[in-house]
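In: what shape does this take:
(chains A and B)
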Amino acid sequence: MKPPFQPDDAKLTAYALGELRGADWAEVEQTLAGDAEGQETVEEILQTARLIELELKKQPSPRLSPAHLATIEDHIDRHTRLPYRQLGRFGRRSQGYPYLALAAAACVVGVAMLWLFVAPRNRSQVTISPQNHPATSGSRGPIIVPAPVESSSRWYAAREADIPGFALVETDTAVELPLDPQSASMESLEQDVARGRLPDARSVKPGTVINVLDYATPAVPESIAFAVAVEIAEAPWDASRRVARVTIRTARPGIQPMTPVMGVAAFVHFDPLRVKSYRLIGYLPTQAQGEPIRLDLSADGRCRTLLLEFVPQPEPVQTVTSQTPAIHVRMNWTDAAQQRQTLVAAGPAVSEGPLDSISPDLARALVAAEFESLIREDRSIPDASWARCLRFIELDTDQSENPESANTRFARLIEKCGKIADSRASAGPETSYNPPIPALARR
Amino acid sequence: MDRRTTSSDGDWIRLAVRRYEARLVGYASHLLGDVERARDVVQDTFLKLCTQQPDRIQAHLQEWLFAVCRNACLDVMRKEKRMKPMSDALAGNQTSPELSPAEQVEQQESAHVILNALDELPHNQQEVIRLKFQHGLSYQQISNVTGLSVTNVGFLIHTGLKTVRFRLTASEKI
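Out: Numbering: from 1, shown residues only, chains lettered A, B, ... in the order given. As a prediction, the model looks like this:
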């Protein structure tokens, strides 16, 4: 039998700071359950950590001077006009063929100018057209294309008054899908609630709970490293906005042959002809039950989910058909043969359907997002919105045969949060946290 | 065939400058004890970023920036063989105007104890604690930036926290 944790055990500090996962976390949790002294130590560690964080974040943050920023800007301009590595290779090759190199450069510039000014929209439409893409024809499969199809020079959008928290597509055409799973965990939220307290808002990072619920994920065809799926639907809180769920899944060992890959990066690109601005609601990697989270996305059937909200362009440009994708996902990686590969998955046309008509998967993701916003922003959510969202969990809970399913677990968490909030509200007006969480109806 | 290319525009670099500029200057200032030199180092870090291919580093951009910035600081320190303490201006703190005078004094004392305790920690403990609590990096990310093992990072943070906690407790008893 292992002895209980000593106060100077570094594992206890890692646990208090939310750095433990899987079996390690479970081991500490189990030990602490019957160890009041250990629990007190965890509280002390947390309190010290919060004080340190508070003081360090108060320190003034010196910034770069205008001269430094100007130097960087100048460097960006020079390097983006003539890409560094290409310049080096081209320079070496051109030593013996200066005129040939000049002629080739002139041709490249000419073709690029034609591409930019004559038929940029048509080219893009053909390359990532949903009709040509399995991801939008029901099979959700991936497609391998030789190179990225977008060019920033054609991305533009009409400027509008900024919506707080939204990025204009004009200035930020793409958002990177974080593949690093460093984030707060569902376990740490449950840990707080189990102790009768609401989670600290700072511990609820964007997307913490989005992937807690069960989702169907796209199948990965044989010999392909990744599959990407994109779903878009009307936002339940604002009919003029849309929500999108992007899911990336890796090959699962035993079903598909493993394809070792390196240098994986994923980006979501927005078409400014269809999207005005967007915001990242959250993300979190999912994992097979009992497996530790690892940074290596290529490991096995892991999944990354990204939830976004965006504002569509009010009047799409005439050349944009209803089938033009609002967003597409690009993934880059290096395969076993050291070849750079690119996968582009186009999203479907913007859906005009109500929330009830969209995938239950996306609805559950929205429930998770609403919950996270509630804890994080300490804001009230209209009862009707909660009731509508909870219905998806309730239905799934009732149909679930597994009492420990993720949906059941999440529903229980909401219930407990409601009870804690109620008890705080009855204790006095000191707390500002009093969310209108209705009790889950049981059939 | 190698398809490496740099970004077709510099937006991703500009975005990185906006997001990480202040954090990197703060980090480098602490390592070097000199804000102006820190600005030069951070500028060089972003100049190096311009030569990188976005699809190779964007998945771990934050760690890359901190690691490059740290290495540049270590180079500067090696060359100049110096390590100045943080300036008073940098180490200063602000108090909340909503607190009563008594509360402000108490908070200032508490802040003073914490910052003093941090300054008295060994440099490696100070660095990992700042990366964790000031810059929000995880153990794994700190490990990637500093080259220490995750276990070592955890031990340094644990030891540093314990020391600060001990100092706080001792000051409360006085």
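
In: lowest-scoring secondary structure element of chain B by mean pLDDT?
Out: When the helices and strands of chain B are scored by mean pLDDT, DSSP states H and E, helix B:88-91 comes last with a mean of 34.

In: how many neighbours does A:L46 have?
Out: A:L46 has 16 neighbours, counted by other Cβ atoms under 10 Å in any protein chain shown. Quick note: C-beta positions are derived from backbone N, CA and C, even for glycine.

In: thought it was touching A:A16?
Out: Yes. Using Cβ atoms under 8 Å, A:L46 is in contact with A:A16, at 5.2 Å.

In: contact partners for the residue nearest to B:G160 when sequence neighbours are not counted?
Out: Distance criterion Cβ to Cβ, 6 or more residues apart in numbering or on different chains; nearest residue to B:G160, sequence neighbours excluded, is B:Q125 at 3.8 Å. Contact partners of B:Q125, counting by Cβ atoms under 8 Å, 6 or more residues apart in numbering or on different chains, are B:156-157, B:159-160, B:163.

In: ditto for A:R241
Out: By Cβ under 8 Å, 6+ apart, the contact set of A:R241 is A:234-235, A:309-312.

In: per-residue pLDDT, it?
Out: Note on A:R241: pLDDT of 79.

In: identify the bridge partners of the residue lying closest to it once chain neighbours are set aside.
Out: With sequence-adjacent residues excluded and distances taken as Cβ to Cβ, 6+ apart, A:R241 is closest to A:A235, at 4.1 Å. Using DSSP bridges, the bridge partners assigned to A:A235 are A:D238.

In: go through chain B and flag its longest helix.
Out: Longest helix in chain B by number of residues (criterion: DSSP state H): helix B:150-173.

In: same for that one, what does it pack against?
Out: helix A:10-16, helix A:36-58, helix B:101-120, helix B:123-133, helix B:139-146 (3 or more Cβ pairs under 8 Å, 6 or more residues apart in numbering or on different chains; DSSP states H and E).

In: does chain A sit close to the host helix or strand of B:L15?
Out: B:L15 is located in helix B:11-32, with elements delineated by DSSP states H and E. Yes. Helix B:11-32 comes into contact with chain A (Cβ under 8 Å from any Cβ of the partner chain), by way of B:11, B:13-15, B:17, B:21-23, B:25-26, B:29.

In: average pLDDT for that helix, rounded please.
Out: Rounded mean pLDDT across helix B:11-32 is 86.

In: ok so, going back, look at the residue nearest to A:R241 and report its pLDDT.
Out: A:A235 carries a pLDDT value of 70.

In: roughly how far apart are it and A:K11?
Out: From A:A235 across to A:K11, the span is 42 Å (Cβ to Cβ, to the nearest Å).

In: likewise A:Q191?
Out: In terms of Cβ to Cβ, A:Q191 sits 15 Å off from A:K11.

In: and B:S171, how many neighbours?
Out: 15.

In: and for B:N116?
Out: Neighbours of B:N116 under the rule other Cβ under 10 Å: 13.

In: can you pull the contacts of it?
Out: By Cβ under 8 Å, 6+ apart, the contact set of B:N116 is B:R167.

In: how about stretch B:155-169: buried residues?
Out: The neighbour-count check on stretch B:155-169 (16 or more other Cβ atoms under 10 Å in any protein chain shown) flags B:155-165, B:167-168 as buried.

In: can I get those in JSON lines with distance to A:K276?
Out: JSON lines is the format used below for those (distance: Cβ to Cβ, whole Å):
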{"residue": "B:F155", "distance to A:K276": "49"}
{"residue": "B:L156", "distance to A:K276": "47"}
{"residue": "B:I157", "distance to A:K276": "43"}
{"residue": "B:H158", "distance to A:K276": "48"}
{"residue": "B:T159", "distance to A:K276": "51"}
{"residue": "B:G160", "distance to A:K276": "47"}
{"residue": "B:L161", "distance to A:K276": "46"}
{"residue": "B:K162", "distance to A:K276": "51"}
{"residue": "B:T163", "distance to A:K276": "52"}
{"residue": "B:V164", "distance to A:K276": "48"}
{"residue": "B:R165", "distance to A:K276": "50"}
{"residue": "B:R167", "distance to A:K276": "53"}
{"residue": "B:L168", "distance to A:K276": "50"}
